[in-house]
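*Asks:* Curious how this folds, go ahead:
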Amino acid sequence: MSDPRIARTLTVAPTTMSPQSALSRVDVLAVDDTPANLRSLEVLMEDLGANLISASSGDEALRLLLDRDFALILLDVQMPGMDGYETASLIRMRERTRHIPIIFITAFNRSEVNVTRGYELGAVDYLFKPIVPEILRTKVAVFLDLHRKTEEVRRQAELLRQAESREHERQLAEARAHYERSLLQQEMERERKVSEAREQRAQELARLVSEKEQAQTALHESNARLRLLADTGSLLLMGTEVRVLLDSVYHQLAAHLGLEVFMGYLAQEGTGALGLTAHAGLSAGLLSRLHHLEAGQGVAGRVISERQRWVLDGAAAANGPLPDAAPELGLAALACYPLLSHERVLGTLAFGTRTPRVFTEDELSLIQGVCDQVAVALERERLIGALRDADRRKDEFLAMLAHELRNPLAPVRHSLEVFRMRMWQDDVIQRAIASADRQVAHMTRLVDDLLDVSRITRGKVEIKPVPLTLTELVEGAVQACEPIIAQRHHQLSISLPAEPVMLNVDPTRMTQVVANLLHNAAKYTPPGGRIQLNAERQGDELLLGVRDNGIGLRPDMLHRVFDLFVQVDPGNDRAQGGLGLGLTLVRSLVEMHGGTVSARSEGLSKGSEFTVRLPVPPEVPAALALPAMVKAAAATSARLQPLHILLVEDNPDIRETLRDLLELHGHRVEEAGDGRSAVNMVLSQRPQVALVDIGLPELDGYKVAELVRASAGGADTRLVALTGYGHPDDRKRALEAGFDAHLVKPVSSDELSQVLKKLCTATA
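*Replies:* Okay, here's the model as predicted:
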């Protein structure tokens, strides 16, 4: 007996079936671990004359098969415990269940599922989720009819056997009385009946074979449609622009359905009009008239307004009056579908032939499936475009944010430089100025880190490797971190290999890596702590480590510490602040050089160590003597003579504070507040140097440089761009416009002096 708790039979209302159909109901076993799928199968098969027996596992299905026979088994492939293939294998091992048809149901596509294994186990077909109801019903109905006909043949044979047995008994009884008279007649009669029964059986078998061949043809067509839908979905998913792929989609569908004409319209945002994006089979004369449709115009306009398909074929004139476009196209059959996504109309796709034909429901369902896939791809493309626009706006915002943050920092830094030079005898004011200067430098570093992370994540940073010695790399990084190390009174020890180690790295970016590690160690090590920078060569790798005796790291932070915006310990007092960007930059830049970085710590308050592994090339040419900035400083170490400088800046605070700073250094400074005045003053007064802001009213800084360089009177003036935009593209554009140098606000007195020395050595 079957357990009523694990088996459930769907009984169809008798009003939906004739008495004859009720007698021919058959059992179908559905095996699926998802109740919702079983309920869906019940609904789809409720009018097929089947008693649907449900099983939620392979074990339950095998128990049901011990007690009763089934016409068909619908078997899910993916189930916990015993999967569909194992269940099918056990079913085929029993003589009683060996020949029951099995249809596998799976959510994988044909390329992912092991179709060969299923057919080796005796499967008659595969259904791929989501299941198309018409396909399921068609396939199940075929096997149910086949089972009923087989049972009917078996029943007729049994009835015939019983009838023959009774007739034989009667003949034997008569034979006893009339044996000699009727023996020959009885034998002839029996032979005649046997012959008729065999002929009838042969005819029935021939009919069954014909029906089976028809069912196999229908299955082949169904599989071809499924393959077409899968190929179309893959094509649209992998393509970069759906509009370009529409032609390929049409050609695949045309080859399958014998189509001749294709029109793909996309809706124009906000207008309701339609634009012809893709087409096939249209003459040049028709294209000019069909290229643009207003709302409600033609077949596509009607489909858009009604949001439902429109079909014209040999079976019906159409779903209404004949649209204007159909006679022009000379079509005998046409199917036009709306492209819908979340109640939004994206456009229409129309397919037609000039030869008469009737679209079957399967063909219309196939076209609907293709249109649904195109709609999803169009919506995905729209969303990707929206994300790209948002990313572009974010980049523009970050650039503007940096500019707006750097501009107010510039007068603050200039004022601090002025205070330091004018109030050098007052220790209290000097300490206050030093503190404020450190905070300005800290804010500048935060802005630079934020922009660097944004550029790296967008792939906008390119490294430019050059030969460089390890010693030069470490010297540049230590020099950049000297202020914070001195401020916190740390003991810095450096251990490098005795033999020179040659690297092939980007000097600026790799110096930034080592400097960030040193800065991070100084920030999280209490005043008076120890910082060790050690480097050693191991084969074809360089190991560079920065160790401190600071606050340390929890074990769960060792991998997360390199993630964006992650703080070491947000609960602690972090006087040095930070956005959690420095180590993210370290990892990204190291990986761009083909290396790795890792963190190690024995726990909180036990310090931490960061180790960078970089590949060491087997042979590199001679390294640069010093990083570019150090070489420039060494070459221009002579004292800078007073210069005639034109300061072009529309921000009064920046202009006035920078003027005071330059005058304290002994320079003669003149001012201009807009681009047109700047050009006139350069050409009339011919200053030695013009410090020009980029964002000027009337004429921007680039235009000022172009006009100055276009005039012979501006050839001797050195132009320095002084701007809040610090992207490498900004620097490139400034140099192309005619500037000799590019400085990013807020610029320090030392940095400005170095540039002036480099540009005006001959003048001095």
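*Asks:* Residue 137 against residue 48, yeah?
*Replies:* Yes: using CB atoms under 8 Å, residue 137 is in contact with residue 48, at 6.6 Å. From N, CA and C alone the C-beta is placed, and that goes for glycine too.
*Asks:* got the contact list for stretch 94-101?
*Replies:* 65, 69-73, 91-92, 122, 124, 143, 146 (CB atoms under 8 Å, 6 or more residues apart in numbering).
*Asks:* The same query, at a cut-off of 6 Å, please.
*Replies:* For stretch 94-101, contacts defined as CB atoms under 6 Å, 6 or more residues apart in numbering pick out 65, 70, 72-73, 91-92, 124, 143.
*Asks:* Most neighbours among those residues, which one is it?
*Replies:* Comparing the contacts of stretch 94-101 by number of neighbours (other CB atoms under 10 Å), residue 73 comes first, having 27 neighbours.
*Asks:* Adjacent strands (with direction) for the strand or helix carrying it?
*Replies:* For residue 73, the host element (DSSP states H and E) is strand 72-76. Strand 72-76 has its sheet partners listed here by DSSP bridges as strand 26-31 (parallel), strand 102-106 (parallel).
*Asks:* what are the C-alpha coordinates of the next helix or strand after the longest one, in PDB please?
*Replies:* Elements were assigned by DSSP H and E; along the chain past strand 26-31, the next helix or strand is helix 35-44. Below are the C-alpha coordinates for helix 35-44, written out as PDB (Å, rounded to 0.1, in the frame of the first residue of the first chain):
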ATOM      1  CA  PRO A  35       5.900  21.700  -4.200                       C
ATOM      2  CA  ALA A  36       5.300  24.800  -6.400                       C
ATOM      3  CA  ASN A  37       6.500  22.900  -9.400                       C
ATOM      4  CA  LEU A  38       4.300  19.900  -8.600                       C
ATOM      5  CA  ARG A  39       1.300  22.200  -8.300                       C
ATOM      6  CA  SER A  40       2.100  23.800 -11.600                       C
ATOM      7  CA  LEU A  41       2.200  20.400 -13.300                       C
ATOM      8  CA  GLU A  42      -1.200  19.500 -11.800                       C
ATOM      9  CA  VAL A  43      -2.700  22.700 -13.200                       C
ATOM     10  CA  LEU A  44      -1.200  22.200 -16.600                       C
END
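*Asks:* So residue 137 and residue 48 - more neighbours on which side?
*Replies:* Just comparing residue 137 and residue 48: by other CB under 10 Å the higher neighbour count belongs to residue 48, 18 against 15.
*Asks:* Report the separation between residue 190 and residue 156.
*Replies:* Using CB to CB, to the nearest Å, residue 190 is found at 18 Å from residue 156.
*Asks:* Would you mind giving the strands paired with strand 72-76 as a markdown table with distance to residue 713, mean neighbour count and mean pLDDT added?
*Replies:* Listed next are the strands paired with strand 72-76 as a markdown table, based on distance: least, CB to CB, whole Å; neighbours: other CB atoms under 10 Å; pLDDT from 0 to 100:
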| stretch | distance to residue 713 | mean neighbour count | mean pLDDT |
| --- | --- | --- | --- |
| strand 26-31 | 92 | 23 | 90 |
| strand 102-106 | 81 | 22 | 89 |
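*Asks:* on that earlier part again, contact partners of the strand holding residue 73?
*Replies:* Identification of contacts with strand 72-76 by CB under 6 Å, 6+ apart yields 28-32, 84, 100-105, 143.
*Asks:* Which one of the residues you listed is nearest to residue 473?
*Replies:* Nearest to residue 473 among the contacts of strand 72-76 is residue 84, at 61.2 Å by CB to CB.
*Asks:* any weak-confidence spans in the stretch 101-250 of the chain?
*Replies:* Along the stretch 101-250 of the chain, segments meeting pLDDT under 70 span 109-113, 175, 177-184, 221-222, 224-225, 228-229, 231-244.
*Asks:* ok, which stretches of it are strands?
*Replies:* All strands of the stretch 101-250 of the chain, identified by DSSP state E, counting those that start in this stretch, fall at 102-106, 123-128.
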